[in-house]
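> quick check, what structure comes out for this input:
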Amino acid sequence: MAIARTSPLAAAAATAATTATIRAAATAAAVTRSCRQLRQQQQQQRPQQLQPQQLQQQQQPQQRRRFGDTSAAGPLPGLAARFNSLTTTTATVPSWWAELERLNEFAALGRCSSARAVFEEIVASVPESSQTLLWNTLLKAYANAGDCDGAAACFAAMTSSGVRVNAKTLGKLVEACAKAGRPEESERWFSLRASMPAEADHGIPCNAVIDACAKAGDPRRAVSWLSRLREAQWTPSASTFGALIDSYAKMGQPKEAAHWMHEMSRARLAPDVRCYNLLMGSCAKHGDVAAAQQWLVDMVDAEVAPDGISHNMMIDACGKAGDWAAALVWLDAMKASGLSPTVLSYSMAIDACARGGVAKEASTRLHEMKQAGLQPSVMCYTSLIDGCAKGGDSTGTVRWLDEMAQVRLAPDLACYNAVMDSVARRGDEAQVAQLFAQMGDLGLSLSPDAISFNIAIKKSGISADLISFTAVIDSHAKQGDIDGAMQWLEEMARHGLEADTICHNVILDGVVKSQGVSAGARFLERMLSQSITPDSVTYNSIISGLARGGELDQAAHWFGRMKGAGLVPTIVTYNALINGCAEAGRPEEASRRWLAAMREQHLSPDVVTFNAVTWFCLSFYFNLLSFVVVFFIF
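The predicted structure follows:
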C-alpha cells in the first residue's frame with residue numbers, strides 16, 4: 001500500500017498551526033474563567049435593587065433645594081455650583097436659570113443647533129455678569145461636537161458683543177479643534193490661553209492639544225507637547241496616554257504603542273479596556289497572534305474585563321495569521337464568557353474559515369449566526385463566495401449569490417467579480433453575461449448582451465471595473481468566441497476603461513488556439529499599433545503556437561523580437577521551443593541552442609523541460625534500435 005508522504009516543511013507548518021491552536025484554546029479557557037469572575041465581582045459591587053417600600057419613599061416629591069442652601073449634604077451639581085459663586089442672592093432663582101441648565105444639557109451632548117436655539121431665547125435676559133458663563137456654555141456644545149469652525153464663529157460673535165473672555169473660553173476652543181483633529185489651530189488657541197494671566201490650570205487644554213496631534217496622525221508632535229506638560233509640572237491624564245497609544249497603534253507601530261502603555265502604568269494610571277484593545281488590534285494587523293494574546297492575558301491580570309471588541313481582535317488576529325481553528329476557539333470563548341458575538345465577530349470567523357479552505361465550517365458558522373438572530377452581512381457572503389471561488393466550486397459561488405438575493409442583501413462588486421471569475425474559469429459565457437446584466441439589481445430581467453449590460457450598470461449604480469470585464473472577455477476567448485470577446489472589449493472602452501495588456505493577452509490566447517498563429521500575430525501587431533505594450537505572456541502565446549505547429553524558424557524569429565523588445569524569456573518560452581524541437585526531431589537544436597540559452601540565463605529546467613528532453617532521447621534510442629534490427633534482417 002502506498003504511503004502518502006508530506007514534506008518536512010509542510011509537516012512543520014501543520015505542527016506549528018496545531019500548537020498555536022492548542023495554545024489559543026488554553027489561553028481562551030483561562031480568559032473565560034477570569035471574565036466570569038470579574039463579571040461576578042462587578043455585579044456584587046452594583047447597588048442593591050430597592051425594595052418596594054424604599055422605592056415608594058424615593059418617588060415621594062421632595063422640597064426643591066435652594067441654591068443658597070448649605071444645610072443639605074453634598075455639593076451643588078453642575079451649573080448650580082458655578083451660579084452659587086456668581087450671585088449673592090439665595091432667595092430666588094432667576095427665570096433664565098432653568099433654560100441655562102437646558103442649554104448645558106444640549107451642550108454636553110454636542111447638539112449645537114439645539115443649544116444655539118436655547119441660547120438665542122435667553123441671551124437678552126441674562127445679566128452682564130453671567131454673559132461669559134452663557135457664551136462658554138454654548139462654546140461647550142461646539143467643543144463636544146468637535147465643530148472647530150462653529151466654535152471659532154461663536155468666539156468671534158462673543159468678542160464682538162463685548163463679552164469678557166476667560167481661560168475657560170479659550171479652553172473650549174482648544175477642545176473643539178482637538179476633537180476635530182486640527183492640531184495647528186488647537187495649538188494657536190492654547191498659546192493664546194497660556195498668555196493670559198494665571199487663572200486656571202492649563203493641564204486639561206494641553207491634554208486636548210496632545211489628543212489633537214495624535215488624532216491627526218502626528219504622535220511625535222503629541223509627545224513634544226507631553227514633554228512640555230511634564231516640564232510645567234502638569235499631570236497627564238489617562239486620555240493623554242490613550243491618545244498616544246491610539247495614534248501609534250493606528251499607524252501600525254505596536255512597539256511604540258506598547259511603550260506608552262508602560263509609561264501610563266509608570267504614571268500610576270490604570271489603562272482601560274480600550275487601551276488594551278488598541279494594542280491587540282495593532283498586533284492583529286501585523287498577524288502577531290502571540291503578542292495580541294499576551295496583551296489579553298495582561299488585561300485579565302490587571303483585573304480589566306475583556307469585552308466583545310477584545311475577543312473580536314483575537315478572532316481577527318488568528319484569521320489574518322491563517323489559523324481558522326484558533327479564530328473559532330476565540331469565537332466560542334466569547335460566548336462562554338457571557339458575551340454575545342456580533343455580526344462582525346461571525347464575519348471575521350467566517351472569513352478565517354473561507355481563507356483556510358474549510359467552506360463547510362464557514363457555512364456552519366453562518367447557520368449558527370442566523371440561529372442567534374443575527375442578519376449575515378455582505379462581508380459574510382463575500383467571504384463564502386471567495387472561499388468557494390478559490391476552491392474551484394463555481395456552483396457554490398452562484399448558490400451563495402442567490403441566497404444574498406433571498407435575504408435582500410445587495411451584492412457588491414467584489415461578490416460579482418468573484419462569482420464571474422469562478423464561472424468564467426469553467427467557460428460558462430452565458431452565465432457570466434447574465435451575471436453582468438444582474439449587477440447591482442437582481443430584480444432586473446434583461447437579455448445578456450452588451451446593450452442590456454449597459455442599462456443594468458446605469459440603473460444599478462455599480463461601476464464594473466477592469467477585473468469584471470476581463471472575466472467575461474476571458475470566458476468568450478476560452479470558448480473561441482473571439483467576436484464576442486471583441487464586443488466586450490469595445491464595451492469596456494465605452495465605459496471609459498482602458499484595456500490593459502492582461503486583457504489583450506486573454507484574447508490573443510483565444511485567437512491563437514481558435515484561428516491560428518497567423519491571426520494571433522496580426523492581433524499582436526494590432527496591440528502594438530494601439531500602444532499596448534506586449535509582455536512575456538504575449539510573446540509566449542505566439543511562440544508556443546508556432547512551436548506546436550512545427551514552425552520553429554518563425555518561433556525563433558518571434559523569440560528574437562521578444563528579446564529585442566527588452567523582455568526576458570521565461571521557462572515557459574524555452575519549454576515551448578524545446579518541445580517543438582523534440583516533436584520535429586531536431587534534438588541538436590534543442591540541446592545546443594535552447595538548453596544552452598537557458599543555462600546562460602541561469603534558468604533551471606522544470607518537469608516540462610525534463611519530459612521534452614526525455615522524449616527526444618527515447619525517440620533517438622528507438623530510431624537507433626530500429627536501424628540495428630533492419631540492418632540484421634537484411
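> where exactly do the helices run in the stretch 401-550 of the chain?
Using DSSP state H, counting those that start in this stretch, the helices of the stretch 401-550 of the chain run over 413-425, 429-438, 450-460, 466-478, 482-494, 501-515, 517-529, 536-548.
> pull the last one out as PDB, backbone CA atoms only.
Listed next in PDB are the C-alpha coordinates belonging to helix 536-548 (Å, rounded to 0.1, in the frame of the first residue of the first chain):
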ATOM      1  CA  SER A 536       6.400  37.900 -22.000                       C
ATOM      2  CA  VAL A 537       2.900  36.200 -21.800                       C
ATOM      3  CA  THR A 538       2.000  37.900 -25.100                       C
ATOM      4  CA  TYR A 539       5.100  36.600 -27.000                       C
ATOM      5  CA  ASN A 540       4.800  33.200 -25.300                       C
ATOM      6  CA  SER A 541       1.300  32.700 -26.900                       C
ATOM      7  CA  ILE A 542       2.800  33.300 -30.400                       C
ATOM      8  CA  ILE A 543       6.000  31.300 -29.800                       C
ATOM      9  CA  SER A 544       4.000  28.300 -28.300                       C
ATOM     10  CA  GLY A 545       1.600  28.300 -31.200                       C
ATOM     11  CA  LEU A 546       4.300  28.300 -33.800                       C
ATOM     12  CA  ALA A 547       6.400  25.700 -32.000                       C
ATOM     13  CA  ARG A 548       3.300  23.400 -31.700                       C
END
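> what's that helix packed up against?
helix 501-515, helix 517-529, helix 552-564, helix 571-583 (3 or more C-beta pairs under 8 Å, 6 or more residues apart in numbering; DSSP states H and E). The way it works is simple: take the backbone N, C-alpha and C, and place the C-beta from them, glycine included.
> what's the domain layout of this protein?
Domains of the chain are assigned by the TED database as 95-196, 535-633.
> mind telling me which of the helices of the stretch 401-550 of the chain the model trusts least?
For those, the weakest mean pLDDT is recorded on helix 450-460, namely a mean of 40.
> compute the number of surrounding residues for the residue lying closest to residue 356 once chain neighbours are set aside.
Closest residue in space to residue 356, ignoring its immediate chain neighbours: residue 324 at 3.5 Å, by C-beta to C-beta, 6 or more residues apart in numbering. As a burial measure, residue 324 scores 24 neighbours (other C-beta atoms under 10 Å).
> you'd agree residue 324 is up against residue 351?
No. Look at residue 324 against residue 351 with C-beta atoms under 8 Å: they stay out of range, at 9.0 Å.
> and residue 367, how many residues sit next to it?
Neighbours of residue 367 using other C-beta under 10 Å come to 10.
> for it, what is the enclosing helix or strand?
helix 359-371 (DSSP states H and E).
> which parts of that helix are buried?
359, 361-363, 365-366, 368-369 (16 or more other C-beta atoms under 10 Å).
> how far off centre is that helix?
22 Å (C-alpha atoms, centre = their mean, to the nearest Å).
> ok, stretch 475-485 next?
For stretch 475-485, the distance to the chain centre is 36 Å (C-alpha atoms, centre = their mean).
> re earlier: and the helices and strands packed on helix 536-548, which is most packed in?
Among the helices and strands packed on helix 536-548, helix 571-583 has the highest mean neighbour count (mean count of other C-beta atoms under 10 Å), at a mean of 23.
> in stretch 260-272, what counts as buried?
Here stretch 260-272 shows 260-261, 264, 269, 271 as buried, counting by 16+ other C-beta under 10 Å.
> measure that stretch end to end?
13 Å (C-alpha to C-alpha, to the nearest Å).
> return the distance of stretch 508-525 from the chain's centre.
41 Å.
> contacts for it?
Contacts with stretch 508-525, where a contact means C-beta atoms under 8 Å, 6 or more residues apart in numbering, come from 476-478, 480-482, 485, 504, 507, 527, 534, 538, 541-542, 544-546, 549, 551, 554, 558.
> send me it as PDB with only the CA atoms.
Extracted in PDB, the C-alpha atoms of stretch 508-525 (Å, rounded to 0.1, in the frame of the first residue of the first chain):
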ATOM      1  CA  LEU A 508      -4.700  36.700 -28.000                       C
ATOM      2  CA  ASP A 509      -4.500  33.300 -26.400                       C
ATOM      3  CA  GLY A 510      -8.000  32.500 -27.700                       C
ATOM      4  CA  VAL A 511      -7.200  33.800 -31.200                       C
ATOM      5  CA  VAL A 512      -4.100  31.600 -31.500                       C
ATOM      6  CA  LYS A 513      -5.900  28.500 -30.300                       C
ATOM      7  CA  SER A 514      -9.100  29.000 -32.400                       C
ATOM      8  CA  GLN A 515      -7.900  30.900 -35.500                       C
ATOM      9  CA  GLY A 516      -4.200  30.000 -35.700                       C
ATOM     10  CA  VAL A 517      -0.900  31.700 -35.100                       C
ATOM     11  CA  SER A 518      -1.100  34.000 -38.200                       C
ATOM     12  CA  ALA A 519      -4.300  35.500 -36.800                       C
ATOM     13  CA  GLY A 520      -2.600  35.800 -33.400                       C
ATOM     14  CA  ALA A 521       0.400  37.600 -35.000                       C
ATOM     15  CA  ARG A 522      -2.000  40.100 -36.600                       C
ATOM     16  CA  PHE A 523      -3.700  40.700 -33.300                       C
ATOM     17  CA  LEU A 524      -0.300  41.300 -31.700                       C
ATOM     18  CA  GLU A 525       0.500  43.800 -34.400                       C
END
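> which of the contacts of stretch 508-525 count as buried?
476-478, 481-482, 485, 504, 507, 527, 534, 538, 541-542, 544-546, 549, 551, 554, 558.
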